[in-house]
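Colleague: Build the 3D model from these lines:
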Amino acid sequence: MPYFDTASAAPLHPVARQALQASLDEGWADPARLYREGRRARLLLDAAREAAAEAVGCRADELVFTPSGTHAVHSGVAGVLAGRRRVGEHLVVSAVEHSSVLHSAAAHEARGGSVSEVPVDRSGAVSAAGYADALTPATALACLQSANHEVGTVQPVAEVAEVCGAAGVPLLVDAAQSLAWGPVEGAWSVLAASAHKWGGPPGVGLLAVRKGVRYSPQGPADERESGRSPGFVNLPAIVAAAASLRAVRAEADAEAARLRVLVDRIRRRVVRLVPDVEVVGDADRRLPHLVTFSCLYVDGEALLHELDRAGFSVSSGSSCTSSTLTPSHVLRAMGVLSEGNVRVSLPPGTPAEDVNAFLEVLPGAVAGVRERLGVSEPPAVAAAGPVTESLELDALGLRCPQPVIELARAIGRVPVGGTVTVLSDDEVARLDIPAWCAMRGHDYLGESPRPAGTAYTVRRRS
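Modeller: As a prediction, the model looks like this:
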């Protein structure tokens with residue numbers, strides 16, 4: 001069964017498995033002790049730290065191991081904000097950061113701090129100018145992921161780091177998605193990552209803090225890991241994480257070139273094989289193994305179930321797979337279609353045959369979901385009824401993707417230049433109706449509040 005969700009968690013690398021089994025016998029003792037077993041454990045820990053620091057591009061004494069990547073982010077954000085509290089309590093993040101960063105920002109704001117979000121363009125990328133505009137004399141820290149976890153867009157970290165450095169503001173980089181493919185470029189100040197993203201065991205994170213960055217560990221004092229990650233380290237898992245990081249880096253260039261060819265194949269063919277699809281994320285400046293696309297008139301959860309039954313494990317940022325019925329904050333910030341969203345992230349070693357099989361299954365899976373929703377052909381073509389200059393649809397109570405389906409059915413009932421207004425209480429309509437207009441070539445005229453929901457108005461162009 002092909003597993004295409006390595007952006008969530010990569011399968012355990014064979015080198016990680018070997019190192020884990022070996023270190024269970026050698027690395028069980030306390031590395032802080034001076035007796036033989038403790039010294040042996042300490043040697044293993046030091047070697048793992050050296051290997052990880054080399055991969056990150058920092059000094060070994062700048063890097064500590066944490067219980068997870070999320071813990072590393074939380075500790076990094078809190079530690080720098082506390083260390084620089086005399087400068088101010090302003091935090092800058094991008095609108096598409098991982099939830100661990102956004103949760104840290106929310107906690108900081110709840111304590112009385114201020115937060116600015118830097119917007120992204122339709123490809124999901126920030127600009128250095130956006131960060132320059134957001135920085136103030138009171139900014140204590142800026143955060144930026146190296147590559148987006150949902151759409152694969154690689155961010156201009158070096159340029160943003162230069163802007164932050166000129167302002168004297170440290171930059172924390174969440175490198176969880178990109179570290180397997182190479183070190184993060186630029187003069188970053190703090191870096192966080194997670195082993196399960198590159199084929200190491202879960203439960204190991206990395207936190208690197210450059211010398212000279214003011215950092216104050218939060219919580220009770222602890223003598224381990226420079227006081228930045230309290231508690232007894234999981235040494236076997238750390239050894240396995242460092243060994244697998246070194247192994248995937250050795251394979252990275254060749255594997256990136258091979259997977260990029262497969263992802264390019266998906267990007268090209270999916271728009272030819274499946275009607276009404278939007279491929280999102282930057283087409284060039286992106287991770288080599290990841291592609292995301294959204295399908296009009298499709299329930300995301302139903303599509304994922306169809307693909308799972310066909311033997312393919314993929315993920316989604318669609319609102320239709322969320323208990324909150326709100327789209328991914330990444331897709332929302334980008335302003336792209338969220339319904340029927342599919343993220344494919346290929347693990348190392350994925351054969352071309354698996355990708356070809358996925359492309360054979362996908363059109364039927366999408367068509368099957370659309371047929372169950374009553375969309376067996378393009379809705380605008382199938383629509384029939386009296387022509388009127390303007391039409392208002394009551395879509396209250398309908399959830400993604402139904403409001404867009406009703407709009408598509410109705411657009412053919414007004415003449416060119418006529419308008420359709422959709423009244424909806426589905427939060428996702430605010431994103432998907434403008435995206436539908438962009439895809440279908442109609443004018444989105446905006447929204448207006450109503451007592452029972454929001455009215456979205458569209459003008460037919462063809």
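
Colleague: contact partners of stretch 440-451?
Modeller: 380, 408, 411, 419, 423, 430, 433-434, 436-438, 454-462 (CB atoms under 8 Å, 6 or more residues apart in numbering). The way it works is simple: take the backbone N, C-alpha and C, and place the C-beta from them, glycine included.

Colleague: Repeat the analysis, applying 7 Å as the threshold.
Modeller: The contact list for stretch 440-451 (CB atoms under 7 Å, 6 or more residues apart in numbering) reads 411, 419, 423, 430, 433-434, 437, 454-462.

Colleague: Filter these down to the buried ones.
Modeller: Among the contacts of stretch 440-451, the ones that count as buried by 16 or more other CB atoms under 10 Å are 411, 419, 423, 433-434, 437, 454-460.

Colleague: picking up where we left off before, could you work out the most separated pair of the contacts of stretch 440-451?
Modeller: Using CB to CB, the two most remote members of these are T454 and S462, lying 25.7 Å apart.

Colleague: which phi and psi does the residue sitting nearest the centre point of the chain have?
Modeller: Centroid check for the chain by CA atoms, centre = their mean gives H149 as the closest residue, at 2.2 Å. When read as degrees, to the nearest 10, the backbone of H149 gives phi -80, psi -20.

Colleague: residues in contact with it?
Modeller: A7, H98, Q177.

Colleague: In three-state terms, label R265 for me.
Modeller: Recorded secondary structure, R265: helix (DSSP: H, G, I helix; E, B strand; the rest coil).

Colleague: repeat for V173
Modeller: Of the three states, V173 takes strand according to three-state DSSP.

Colleague: mind listing what it touches?
Modeller: L144, S146, V157, V184, W188, L191.

Colleague: And for G219?
Modeller: P230.

Colleague: ok, it to A134 distance?
Modeller: Using CB to CB, to the nearest Å, G219 is found at 29 Å from A134.

Colleague: Count residues in the vicinity of the nearest residue to the residue nearest to the centre of the chain once chain neighbours are set aside, would you?
Modeller: Residue nearest to H149 in three dimensions, not counting chain neighbours: Q177, with 5.1 Å by CB to CB, 6 or more residues apart in numbering. Per other CB atoms under 10 Å, the neighbour tally for Q177 reads 26.

Colleague: can you check M1 too?
Modeller: Neighbourhood size, M1 [other CB under 10 Å]: 9.

Colleague: for D426, phi and psi?
Modeller: Dihedral angles for D426 - degrees, to the nearest 10 - are phi -90, psi 120.

Colleague: scratch that, R286
Modeller: Backbone torsions of R286, given as degrees, to the nearest 10, read phi -150, psi 170.

Colleague: about what we covered before: ok, the contacts of V173 vs G212, which is closest?
Modeller: Closest to G212, out of all of the contacts of V173 and judged by CB to CB, is W188, at 12.6 Å.

Colleague: Bridging across strands, which residues link to the residue nearest to the closest one when sequence neighbours are not counted?
Modeller: Nearest non-adjacent residue to W188, counting by CB to CB, 6+ apart: V173, 4.6 Å away. In this entry, V173 is beta-bridged to L144, L191, by DSSP bridges.

Colleague: Report the separation between V173 and S146.
Modeller: 5 Å.

Colleague: Identify the contacts common to these two.
Modeller: Shared contacts of V173 and S146 (CB under 7 Å, 6+ apart): V157, V184.

Colleague: Sticking with E159, tell me its helix or strand.
Modeller: In the assignment (DSSP states H and E), E159 maps to helix 157-166.

Colleague: Residues touching stretch 390-409, excluding its own?
Modeller: Residues contacting stretch 390-409 (CB under 7 Å, 6+ apart): 296-299, 319-320, 325, 339-340, 373, 375, 379-380, 382-383, 410, 413-414, 418-426, 428-429, 432-433, 436, 452-453, 458.

Colleague: Now do the end-to-end distance for that stretch.
Modeller: From its first residue to its last, stretch 390-409 covers 14 Å (CA to CA, to the nearest Å).

Colleague: what do you get for stretch 327-339?
Modeller: 8 Å.

Colleague: Give the rounded mean pLDDT of the helix or strand harbouring L362.
Modeller: Following DSSP H and E, one finds L362 within helix 352-372. What helix 352-372 shows for mean pLDDT is 96.

Colleague: Which elements pack onto that helix?
Modeller: Here helix 352-372 touches helix 235-273, helix 300-309, going by 3 or more CB pairs under 7 Å, 6 or more residues apart in numbering; DSSP states H and E.

Colleague: List the buried residues in it.
Modeller: For helix 352-372, using 16+ other CB under 10 Å, the buried residues are D354, V355, F358, L359, V361, L362, A365, V366, A367, V369, R370.

Colleague: What lies in contact with it?
Modeller: Under CB under 7 Å, 6+ apart, the answer for helix 352-372 is 2, 262, 265-266, 269-270, 273-274, 295, 297-299, 302-303, 306-307, 310, 312, 376.

Colleague: cool, stretch 72-86 as well?
Modeller: Counting by CB under 7 Å, 6+ apart, 66, 91, 100-101, 104, 108, 140-141, 143, 170, 172, 174, 190, 192, 205-207, 213-218, 228-229 sit against stretch 72-86.

Colleague: in this structure, which spans are helices?
Modeller: Secondary structure of the chain (DSSP state H): helices located at 14-26, 36-56, 69-83, 99-110, 128-134, 157-166, 235-273, 300-309, 329-334, 352-372, 379-382, 402-410, 429-440.

Colleague: Tell me which other helices or strands the helix holding E159 touches.
Modeller: Checked by 3+ CB pairs under 7 Å, 6+ apart, helix 157-166 has helix 128-134, strand 139-145, strand 171-174 packed alongside it.

Colleague: comparing the helices of the chain, which gets the lowest mean pLDDT score?
Modeller: Among those, helix 379-382 carries the lowest mean pLDDT (a mean of 51).

Colleague: So which of the buried ones among the contacts of stretch 440-451 is the closest to S345?
Modeller: Here the nearest of the buried ones among the contacts of stretch 440-451 to S345, counting by CB to CB, is P434; it sits at 27.1 Å.

Colleague: Mind splitting this structure into its structural domains?
Modeller: Domain assignment for the chain by automatic domain parsing gives 14-248, 250-372, 381-459.

Colleague: Straight-line length of stretch 30-40, end to end?
Modeller: Terminal residues of stretch 30-40 are spaced 9 Å apart (CA to CA).

Colleague: just stretch 79-99 next, same as before
Modeller: OK, stretch 79-99 end separation, CA to CA: 18 Å.

Colleague: got the buried residues for that stretch?
Modeller: By 16+ other CB under 10 Å, the buried positions in stretch 79-99 come out as 79-81, 83-84, 87-98.

Colleague: so how far is K197 from the residue nearest to the centre of the chain?
Modeller: H149 sits at a distance of 9 Å from K197 (criterion: CB to CB).

Colleague: Repeat that for F232.
Modeller: Distance, F232 to K197, using CB to CB: 24 Å.

Colleague: Could you do A82 as well?
Modeller: 27 Å.

Colleague: ditto for G88
Modeller: Counting by CB to CB - G88 and K197 are separated by 32 Å.
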